[in-house]
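[1] next comes the sequence, and after it the predicted model I'd like to discuss.
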Amino acid sequence: MTRPFTAGCASPPTIRQRGQHEVFCGLTSIIWLHRKIQDAFFLIVGSRTCAHLMQSAAGVMIFSEPRFATAIMEERDLAGMADMHDELDRVVDKLLARRPDIKMLVLVGSCPSEVIKFDLPKAAERLNRQHAPGLRVMSYSGSGIETTFTQGEDNFLAALIGEAPSAGSEDEAARLVIAGCLPEVVEDQFSRLLRDLGIPGVHFLPARSSSATPAIGPQTKFILAQPWLGAATAALEARGATRIDTIFPLGEQGTTAWLGAIATAFDVTEARFEEVTQAPRQRARAALRHYRPWLEGRRIFLFPDSQLEPSLARFLVNETGAEIVEVGSPYLHRDLSAGEIAMLPPGVPISEGQDVDMQIDRCRAAEPDLIVCGMGLANPFEAEGRLSKWSIEFVFSPIQGYEQTGDLAELFARPLRRSAMLTQGLAGGEGVSCN
Ligand code: SF4
């Protein structure tokens, strides 16, 4: 059985580049965060560009009531028409009058120079005093100056942990914190598995309600569900919590290692672990068998995008038989991803950061079967007749856990299958459906 995984030594990345890079900014993470925390509102303090990004990236209809908005600051500040604190107060008052259901207001900083100069934590503190106890106000930076969009979630969680209640006694502290935003369907499955393993005091961070943030202290163990949580890890460790080190719950192997590490930390017997995980593991393997013929031996190039890339590459190699031409990550948290990197075959080129033109040249020269990349690169690659997959889909889709293992493989297999169908259809002179 594949019980706990022990992280090995990560070999250093072979390519490190600091040139032009193509990733979304940290505001993008609001798209999944605002859906998860049902009584929170994310107020971006930013520019029209920020508002346009969120409007188009989230695909929000004008008459829906999303739990995020942008307070546009730049023009007023430049013209000296209003003090930014007054302007923010005005926006917040209007918002709260319209949405009294909001229990947590999150001010999100952005990168226009006017906003960078604005002391957002201080503004949050002031608004907190003004609106307590019915409303909690906090802040973090979602600025595009960070290396990638998933750092928005990392910064948010670090701020949330900073405000989590302190554990006064051993009984009050969470026993296990699962850090990292997970889709509800995945969270429910993990809750059931952990309950069946007999793990007590499990909390997900962020929780679905702003009031459910657990007390954290030296009695707390935590495990990451996402690989981009460097700042959140530091914040949890500063509270005295201990990290359970393992790989991430992608695929049957990753999920078993992840649950196995929790089981070991809480002294669950091997027999109980087997009993609880045997059936879902078999289902995950059966789902994978269906996709393996599409992926085995396929050469895949992963551009840096979300920081999930080393985990995706490990899944592809070990569970589908695909080959990795190059795996990039915008930033490598070496300690958090050491286990993933140690499980890649020796010699797989790992790149950190990006010089996009040089990386495109390497990709073209390697002629991979599939390119996993950002939306901005995918269309030009498709126009050259190359197959691509948008990497952001791996962030927005439920892919963690046993029951999603087939869906994860399907995301990689779909472009290959579609291409095969089109080729067949053209050869046979018939129309084919691409779905
Ligand atoms: S935070 Fe910066 S990079 Fe992001 S949308 Fe606003 S201006 Fe653009």
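    Right, received. Where do you want to start? Numbers count the residues shown, from 1 in each chain.
[2] send me stretch 158-167 as PDB with only the CA atoms.
    Only the C-alpha atoms of stretch 158-167 are listed here, as PDB (Å, rounded to 0.1, in the frame of the first residue of the first chain):
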ATOM      1  CA  ALA A 158      -2.100  34.600   5.600                       C
ATOM      2  CA  ALA A 159      -4.200  37.600   6.600                       C
ATOM      3  CA  LEU A 160      -7.000  35.300   7.700                       C
ATOM      4  CA  ILE A 161      -4.700  33.200   9.800                       C
ATOM      5  CA  GLY A 162      -3.300  36.400  11.400                       C
ATOM      6  CA  GLU A 163      -6.800  37.200  12.600                       C
ATOM      7  CA  ALA A 164      -7.800  33.700  13.700                       C
ATOM      8  CA  PRO A 165      -8.600  33.300  17.400                       C
ATOM      9  CA  SER A 166      -5.800  32.200  19.600                       C
ATOM     10  CA  ALA A 167      -6.300  28.800  21.300                       C
END
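[3] the closest residue to the ligand within the stretch 251-400 of the chain and residue 335, how far apart?
    For the stretch 251-400 of the chain and the ligand, the shortest gap (Cβ to the nearest ligand atom) falls at residue 376, measuring 13.6 Å. Bear in mind the C-beta positions are built from the backbone N, C-alpha and C, glycine included. As for residue 376, its distance to residue 335 is 31 Å (criterion: Cβ to Cβ, to the nearest Å).
[4] up against the ligand, what does this structure have?
    Applying Cβ under 6 Å from any ligand atom, one finds that the chain approaches the ligand through 25, 27, 46, 47, 49, 50, 53, 110, 111, 112, 143, 144.
[5] which ones among the residues you listed lie within strands?
    The strands, defined by DSSP state E, take in residue 46 from these.
[6] nearest to residue 18, of the residues of the chain next to the ligand?
    Minimum separation from residue 18 among those (Cβ to Cβ) is found for residue 144, which lies at 15.9 Å.
[7] pull the distance from stretch 111-126 to the chain's centre.
    25 Å (Cα atoms, centre = their mean, to the nearest Å).
[8] now do the buried residues in that stretch.
    Buried residues in stretch 111-126, defined by neighbour count with 16 or more other Cβ atoms under 10 Å: 111, 112, 114, 115, 118, 120, 123, 124.
[9] how about stretch 126-140?
    Buried positions in stretch 126-140, judged by neighbour count with 16+ other Cβ under 10 Å: 127, 128, 131, 135, 136, 137, 138, 139, 140.
[10] what sits against the second one?
    Going back to what we said before, that points to residue 128. Counting by Cβ atoms under 8 Å, 6 or more residues apart in numbering, residue 128 makes contact with 135, 136, 137, 138.
[11] how near is it to the ligand?
    According to Cβ to the nearest ligand atom, to the nearest Å, residue 128 and the ligand sit 23 Å apart.
[12] make residue 1 into 46 and carry on from there
    New numbering, starting at 46: the last item is residue 173.
[13] tell me which element that residue is part of?
    Following DSSP states H and E, one finds residue 173 within helix 165-176.
[14] closest to residue 139 among the buried residues of stretch 156-171?
    residue 168 (15.9 Å).
[15] contacts only, for that closest one.
    130, 133, 152, 184.
[16] narrow the residues of the chain next to the ligand to those in helices?
    Among those, the residues falling in helices (DSSP state H) are 94, 95, 98.
[17] can you list the weak-confidence ranges in the stretch 46-195 of the chain?
    Applying pLDDT under 70 to the stretch 46-195 of the chain picks out residues 46-58, 65-67, 104-110, 119-127, 192.
[18] quick one: the helices in it?
    75-81, 93-103, 119-124, 129-143, 158-162, 165-176 (DSSP state H, counting those that start in this stretch).
[19] closest to residue 297 out of the ones you listed?
    Here helix 75-81 is closest among these (Cβ to Cβ), at 24.3 Å.
[20] contacts for that closest one, please.
    85-87, 89, 99, 102-103, 111-113, 153, 187, 197-198, 201, 226, 229, 251, 253, 440-441.
[21] of all residues in this structure, which one is closest to the ligand?
    residue 189 (2.5 Å).
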